[in-house]
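Visitor: With the input below, show me the fold.
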Amino acid sequence: MKAMTRHTIALFAILFLVPAAVSADVLYLKNGDRITGTIKRIWDEEVTIEPEYSDEFEVDLPLVERIESDRDFEIEMPDGTDVVAKMQGVDDEGNQIIVIDGESTAVSLSALREVDEPEDFYDWELLADYSLTVNDGNTDSLNSRLAGEGMFKHGDHRHIANVTLIQEEQDSLTTKDQSVAAYTYNWLFSDPWFFAANGQIERDPIRELEHRITASAGIGRDLWNDPRRFLSIQLGAGFTDEEIGLESETSTVAAWLLRFRHEFFSDDFEIFHNHSIVETIEGRDNTIIKTSTGLRYEITDLLYLNVSLDWDNESEPAGTAEGTDTTFVIGAGLEFD
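Guide: Residues are numbered from 1 along each chain as shown. Model prediction:
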């Protein structure tokens, strides 16, 4: 009975421990060393790997002789084509063997443009940042800005939501009270091409803008979409419904949207730029441009610093407001993913 129990325990150990070891990725270096862990990406002549015993780090790609892994990776081949393949050993000439749908091909590791882990079916991210400026002297002022952005992706469907609240006071008098909420839906019907539907509502009572509702639909394309960088553009048409003072008007509009981010310096820094352009086709003649350009610095996995420049322009602003509004923001935020 005891012998049977020992054999059962050994069997379970084999079933659970052996697959875990086989599933690990292995870097074989040219100096004879090897590193076992999880390969996160290969990009810009560097391999990012995360061993079980430490945080992820980079290894110079020219130092790597070969890669062994049973996992699938998204690989950009030397000719620019994207494939899902495994990396298993080298051929007689020292080239990396890439296995695509069971068929092997050999290619130099240095010739691979990019290698990433396959995208998860579910993916999400949430950012929230806050900035506050207080001036106490000849003029008392209080400026606050709260912004949040959330992204949720499941399969070919992507949802993006944004909320921005800005309030400015000078000598206890409110000089700005702006709120903007937006939602974007993308259906990646033929990745990287997607169908886009957008909705946005904006209020700014100080400028006599009781509400501005914009809805549009169109087509878009992800020019970059990997863990380190993202660039997406879209073009569409829709309508804008505005209530300015006591007057209401609905206009037909064309809409353009761009989103960009790029991580660098071991993912600690991220530069970003978002902008939208709404141009009237028929109705109240107005062109609305909103841009936000900035830099995030990751302090911890949760906390980051944010520096950005927001520039908004309207050719025919509401009420007596000026057409251009420029805001320089320094704040801190939280990131969940």
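Visitor: Check what contacts stretch 92-105 and list those residues.
Guide: 65-67, 75, 77, 83-91, 106-109, 112 (CB atoms under 8 Å, 6 or more residues apart in numbering). No exception for glycine: its C-beta is placed from N, CA and C like everyone else's.
Visitor: For the stretch 51-200 of the chain, give me the ranges with low pLDDT.
Guide: In the predicted model of the stretch 51-200 of the chain, residues 135-140 satisfy pLDDT under 70.
Visitor: Walking through it, point out its strands one by one.
Guide: Taking DSSP state E, counting those that start in this stretch as the test, the strands found in the stretch 51-200 of the chain are 57-60, 64-68, 73-76, 82-90, 96-100, 103-107, 114-116, 122-135, 141-154, 157-170, 173-190, 193-204.
Visitor: Which other helices and strands does the shortest one contact?
Guide: Right, strand 114-116. For strand 114-116, the contact count by 3 or more CB pairs under 8 Å, 6 or more residues apart in numbering; DSSP states H and E identifies strand 34-43, strand 73-76 as packing neighbours.
Visitor: Then the second one?
Guide: Contact here means 3+ CB pairs under 8 Å, 6+ apart; on that basis strand 64-68 packs against strand 25-29, strand 82-90.
Visitor: Centre of the chain to stretch 66-80, how far?
Guide: 23 Å (CA atoms, centre = their mean, to the nearest Å).
Visitor: Count the neighbours of the nearest residue to Glu50 once chain neighbours are set aside for me.
Guide: Leaving out its chain neighbours, the residue that sits closest to Glu50 by CB to CB, 6 or more residues apart in numbering is Glu56, at 3.7 Å. Per other CB atoms under 10 Å, the neighbour tally for Glu56 reads 15.
Visitor: Settle this for me: Glu56 is touching Ile49, isn't it.
Guide: Yes - if you go by CB atoms under 8 Å, Glu56 and Ile49 touch, sitting 6.4 Å apart.
Visitor: Pull up the overlap in contacts between these two.
Guide: By CB under 8 Å, 6+ apart, the residues touching both Glu56 and Ile49 are Lys40.
Visitor: okay, the helices and strands packed on strand 64-68 in TSV with mean neighbour count and distance to Phe272 next?
Guide: Listed next are the helices and strands packed on strand 64-68 as TSV, based on neighbours: other CB atoms under 10 Å; distance: least, CB to CB, whole Å:
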stretch	mean neighbour count	distance to Phe272
strand 25-29	18	30
strand 82-90	16	24
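Visitor: Turn those into CSV, including distance to Asn225.
Guide: Formatted as CSV, the helices and strands packed on strand 64-68 follow (distance: least, CB to CB, whole Å):
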stretch, distance to Asn225
strand 25-29, 23
strand 82-90, 11
